[in-house]
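**Student:** 3D model of this:
(one chain, ligands or ions: 1)
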Amino acid sequence: MQAGMWFAIFAIVFLSSVYVLWKRHPNYGASPGAPSFPIIGCLPALLLNKHRYHEWTCDLFEQSHGLTRSIRLGSDILLFTIDPTVVRHVLKDSFTSYPKGPIFYPYFEELLGQGILNSDGPLWVFQRKVASHIFTSNSLRTFILSISDSEISSRLLPGLAAAQHMSSDSVDMQDILIRCIFDMICQITLGMDPVCLKFPTSGTMEEADHIAMSCTEMDARHQRHDEVHEYREVLDEKHGVHGGIVKCSLRSPKTKVPDSLVQGFVQGFQAATRISAERFLVPRFLWTMKRFLRIGSERELLQALEQVNEFTTFLIKQSKKEIGKGRKDLLARFIHVSDETLGAIACDDMGVNACIREQERSTISDSLLRDILLNFLLAGLETVASAVTFTLWIVSTHPEIERRVLREISSILADREQNGGGEEDAIKVGTFTYEEVRKMDYMHAVISETMRLYPPVPADCKYAAEDDVLPDGTKVSKGYRIGFMIFAMGRSAKLWGEDCLDFRPERWLDHNGHFQPVSAFKYPVFQAGPRICLGKDFAFIQMKLLLASLLMNFEFAVHAGFKPKLSYGITLSMVNGLPMTVRRRITLVS
Ligand code: HEM
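**Tutor:** The predicted model follows:
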C-alpha cells in the first residue's frame, strides 16, 4: 500500500515537471500541428501522422502564417520550408553551404556507394560533368527513344492486348509499368534486358497469333511495320511465347549475361533498394546495431548486395571486352570516356582535376563505374514509374482531360498522315517520333500537373554545413537539416492560388496552348540549381511516349471510388497498386 502511494506521488511529481518543462520549451504553442516535448521533440506528432505523413506536412503550413517551420526531432533540428526564395537560397545561391552531407550517405552507402546521388564535392562535380557531357549527345537521345519505342510496341502493347482477353479481372498497372520501365532503364543503362515485363499466356500458338493479330491491327493504324515484322518473326520461330514469357528481339547489340546472374540482380536490386529506404523509418542506432550483428533485414541487405555486385562485376568485365562493337548504353559510354572527354570536362576546380588524376585520366575505376550505374538505375526507375502511374489514374478518372489528350494525339497522327508518314530526318520510332513527342504540349501539361499534386520525390533534404541566415530571416546553425517539402509546396494556396487542389492542366499552358514552365524553385519536382535532375528531358520523352501509346490503344478504368493510398518513402507510389480494367480502344475521338 505504501509502495503504491510512493509510486503515485512520484508519478504526479514527474508528470508535473514534464508539463512545466514542456510549457517553458521555446517551441511550446508556437508549433501548431507539431507540439514539441522535451527530449523527443515532435516525434509523437510524426508517429501519430505516419499513415498520412504527406498530408500532415500540408497541414503544418496551413496552420501557420510562415512558409518555413522549425521541427525538433530528438536532438536534431529540422527546418521545413515551402518558400521558393528559401529553396533558391539553399539549392542555388548558397549551394556550397548546403551539401547532402551526412543525412543521406550512410543510409545508401552500401547500395549507391560514391555515385552521383550519394556524393558531394569534387567527386560529385566530376560525375556531373562526365554525365552531362554524355547526356547532351543526340545519339543518346536516339538510343533512349528506340529502346523505349521497342519495349512499348513489341512488348507492352501486345502484352496488354493479350492480357485483356485472358482475364476479365483488373490488372495492376503500377506493377506492369514498373516492370516495363525497369526493362527500359536496364537496357539504357546496362545494355542488357532483364525481361521483367511478362504476361502469362497458356503458351499456345493460337493465343500467340491473337497477340500478333492485335499487333497487326495496331500496325495497320499506325504503320509500325518494322516492330510487327520483328515480333511476328519471334512468334513464328515459336520462341515468342516461351514458358509464359513474351520475349522479343531488340535491334541494339546487348551483352549476354547468364540468366541466373540476371535473376539474382533483379531480386537483389529490389531488395537492396527497399531495405536501404526502410532504414529511414527506424531510429539509426537500431539498424546500425543490426548491421553490426549481421541480423534481420541487414543480413538480407548484405546478401542482396552480393548478388548485385556479382552481376555488375561480370557485366563491367564483359562490357570492357565489347568496346567498339556498337554498344550505345550508358555503361559503354562511361567506359569509353576518353582522355579527350576528360580533357573537355576538366575545369579550374582543383578538386575536379585531382579527381580526374585519381581516375588515371583515361578510365573510370570499376568500383566507381558500378556506383554510377546503380545510381542511374535508381534515379530513373521509380520516379518515372510513379509519374506515369499517377497520370494514368488521373486521366482515366477525368473524362474531359482524357478527351483533350486523345484529341492532341489524333491531331498529331493526322499531321503525320498529311505529311506522308513523317519527316525524312525525324528519328523514326514505332510509336511516335521525337518531333511528335515535342508537339504534345497538353500531355506535357497533364504530366506536370500530376507531379504538382503527386510529386515522385515528395520531399528532399539538405544539410547546413555552416551557420547561416535564410532570406526570410530564419537563423540556421551548422548541423541543421533543411527539408523542402515538395508535396506540400504543390498543394499550397499561398503558392498556387485558391484552386491549388483542383487538377487544371491549363495552368501550364499559354493562350496559344503552348507549355509554359514555372520557376524550378516554386516547383522543385526535379530539384533545381546545379543539382537539377540530369534525366528530366529524357524522363519527359519516356513518359509522353508511354502514356500516349497506352491511351490511344486502350481504355483504362478503376473501380468507382478508388483512391490510392500514398506510400511513405523516398518515392511516392500507391501502396496497394493501381488495379485497372483494360479494353482495346475502338476510336480515338468520338
Ligand atoms: C519523373 C521522373 C523524374 C523525377 C521526378 C526526378 C527527380 C529528381 C530529383 C528530385 C533529383 C534530386 C535528388 C537528390 O539529389 O536528392 C534528381 C536527381 C537526379 N536524377 Fe532525376 N528524376 C526523374 C527521372 C530521371 C531519369 C529518367 C534519370 C536518368 C536516367 C534521372 C537522373 C538523375 C540524376 C543522375 C540525378 C542526380 C543529379 C545530381 O545530383 O547532380 N532522373 N532527379
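**Student:** so who does the residue of the chain found nearest the ligand touch?
**Tutor:** The chain approaches the ligand most closely through residue 535 (2.1 Å), counting by CB to the nearest ligand atom. (C-beta placed from N, C-alpha, C; glycine too.) Residues in contact with residue 535, defined by CB atoms under 8 Å, 6 or more residues apart in numbering, are 135, 376, 379, 380.
**Student:** got it, and residue 85?
**Tutor:** 471, 472, 521.
**Student:** at 6 Å instead, please
**Tutor:** residue 471 (CB atoms under 6 Å, 6 or more residues apart in numbering).
**Student:** so that it lines up with my notes, have the first residue be 492 from now on.
**Tutor:** Let's use 492 as the start, then, which means that last one is residue 576.
**Student:** what pLDDT does the model give the residue of the chain closest to the ligand?
**Tutor:** Note on residue 1026: pLDDT of 94.
**Student:** shaky segments in the stretch 842-991 of the chain?
**Tutor:** Low-confidence segments of the stretch 842-991 of the chain (pLDDT under 70): 842-854, 912-921.
**Student:** now do the helices in the stretch 742-891 of the chain.
**Tutor:** With DSSP state H, counting those that start in this stretch as the criterion, the stretch 742-891 of the chain has helices at 750-769, 775-784, 787-812, 821-826, 830-836, 841-849, 857-887, 890-909.
**Student:** buried residues of the third one, list them for me.
**Tutor:** By neighbour count with 16 or more other CB atoms under 10 Å, helix 787-812 contains the buried residues 788-789, 792, 795-796, 798-800, 802-803, 805-807, 810.
**Student:** do the fourth one as well
**Tutor:** For helix 821-826, a neighbour-count test (16+ other CB under 10 Å) marks 821, 822, 823, 824, 825, 826 as buried.
**Student:** those residues into CSV, with extra columns for pLDDT and distance to residue 499?
**Tutor:** Shown next, in CSV, are those (pLDDT from 0 to 100; distance: CB to CB, whole Å):
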residue, pLDDT, distance to residue 499
821, 89, 68
822, 88, 69
823, 87, 74
824, 87, 72
825, 86, 69
826, 84, 73
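**Student:** now these as a markdown table including distance to the ligand?
**Tutor:** Output for those, formatted as a markdown table (distance: CB to the nearest ligand atom, whole Å):
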| residue | distance to the ligand |
| --- | --- |
| 821 | 8 |
| 822 | 12 |
| 823 | 15 |
| 824 | 12 |
| 825 | 12 |
| 826 | 17 |
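**Student:** which among these gets closest to residue 957?
**Tutor:** Among the buried residues of helix 821-826, residue 825 lies closest to residue 957 (CB to CB), at 33.7 Å.
**Student:** quick one: the closest one and residue 807, what's the gap?
**Tutor:** 10 Å (CB to CB, to the nearest Å).
**Student:** give me the common contacts of the two.
**Tutor:** Counting by CB under 6 Å, 6+ apart, the residues touching both residue 825 and residue 807 are residue 860.
**Student:** for stretch 1042-1061, what is the distance to the chain centroid?
**Tutor:** 17 Å (CA atoms, centre = their mean, to the nearest Å).
**Student:** got the buried residues for it?
**Tutor:** For stretch 1042-1061, by 16+ other CB under 10 Å, it's 1042-1045, 1047, 1049, 1053, 1055, 1057-1061.
**Student:** avg pLDDT for that stretch?
**Tutor:** The pLDDT scores in stretch 1042-1061 average 91.
**Student:** tell me the residues of the stretch 592-741 of the chain that contact the ligand?
**Tutor:** When proximity is defined as CB under 6 Å from any ligand atom, the stretch 592-741 of the chain approaches the ligand at 607, 608, 619.
**Student:** show the subsequent helix or strand relative to the strand or helix carrying the last one.
**Tutor:** Secondary structure assigned from DSSP states H and E places residue 619 in helix 612-626. Downstream of helix 612-626, the first helix or strand assigned by DSSP H and E is helix 629-642.
**Student:** quick one: that following helix to helix 857-887, angle?
**Tutor:** Computed with axes from the mean of the first three to the mean of the last three CA atoms, to 10 degrees, the direction of helix 629-642 lies at 50 degrees from that of helix 857-887.
**Student:** buried set for the helix or strand just after helix 629-642?
**Tutor:** Next along the chain after helix 629-642, taking DSSP H and E as the criterion, comes helix 648-657. The neighbour-count check on helix 648-657 (16+ other CB under 10 Å) flags 648, 649, 650, 651, 652, 653, 654, 655 as buried.
**Student:** again, but for stretch 623-635
**Tutor:** Buried, per 16+ other CB under 10 Å, within stretch 623-635: 625, 626, 631, 632, 634, 635.
**Student:** can you check stretch 984-999 too?
**Tutor:** For stretch 984-999, by 16+ other CB under 10 Å, it's 986, 987, 991, 994, 995, 996, 998, 999.
**Student:** now the last one: how far from residue 1008?
**Tutor:** Right, the one you point to is residue 999. Applying CB to CB to residue 999 and residue 1008 gives a distance of 8 Å.
**Student:** what of residue 886?
**Tutor:** 21 Å.
**Student:** who's more crowded, these two?
**Tutor:** residue 886 (25 against 9; other CB atoms under 10 Å).
**Student:** which of the buried residues of stretch 1042-1061 sits closest to residue 662?
**Tutor:** Nearest member of these to residue 662, counting by CB to CB, is residue 1047, at 9.6 Å.
**Student:** hang on, the earlier thing: need the buried residues of helix 648-657 in CSV with pLDDT, can you?
**Tutor:** Listed next are these as CSV, based on pLDDT from 0 to 100:
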residue, pLDDT
648, 90
649, 87
650, 87
651, 88
652, 85
653, 81
654, 76
655, 72
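**Student:** give the contact list for residue 505.
**Tutor:** Residue 505 neighbours (CB under 6 Å, 6+ apart): none.
**Student:** run through the residues that contact the residue nearest to residue 669 when sequence neighbours are not counted.
**Tutor:** Leaving aside its sequence neighbours, residue 669 sits nearest to residue 876 (CB to CB, 6 or more residues apart in numbering; 4.4 Å). Listed by CB under 6 Å, 6+ apart, the contact set of residue 876 reads 668, 669, 672.
**Student:** and the gap between residue 876 and residue 999?
**Tutor:** Going from residue 876 to residue 999 by CB to CB gives 22 Å.
**Student:** equivalent analysis for residue 646, please.
**Tutor:** 31 Å.
**Student:** which element follows the helix or strand encompassing residue 578 toward the C-terminus?
**Tutor:** Assigned by DSSP H and E, residue 578 falls within helix 575-579. Past helix 575-579, heading to the C-terminal end, the next element that is a helix or strand (DSSP H and E) is helix 596-603.
**Student:** list the helices and strands that next one packs on?
**Tutor:** helix 750-769 (3 or more CB pairs under 6 Å, 6 or more residues apart in numbering; DSSP states H and E).
**Student:** who's in contact with the helix it packs on?
**Tutor:** 598-599, 602, 685, 788, 792, 795-796, 798-799, 802, 805, 1060-1061.
**Student:** out of everything not next to it in sequence, what's closest to the residue most central in space within the chain?
**Tutor:** The residue lying closest to the centre of the chain (CA atoms, centre = their mean) is residue 874, at 1.2 Å. Among residues not flanking residue 874 along the chain, residue 947 sits closest, at 4.2 Å (CB to CB, 6+ apart).
**Student:** can I assume that neighbour is in contact with residue 877?
**Tutor:** Yes: Residue 947 is in contact with residue 877 according to CB atoms under 6 Å; the separation is 3.9 Å.
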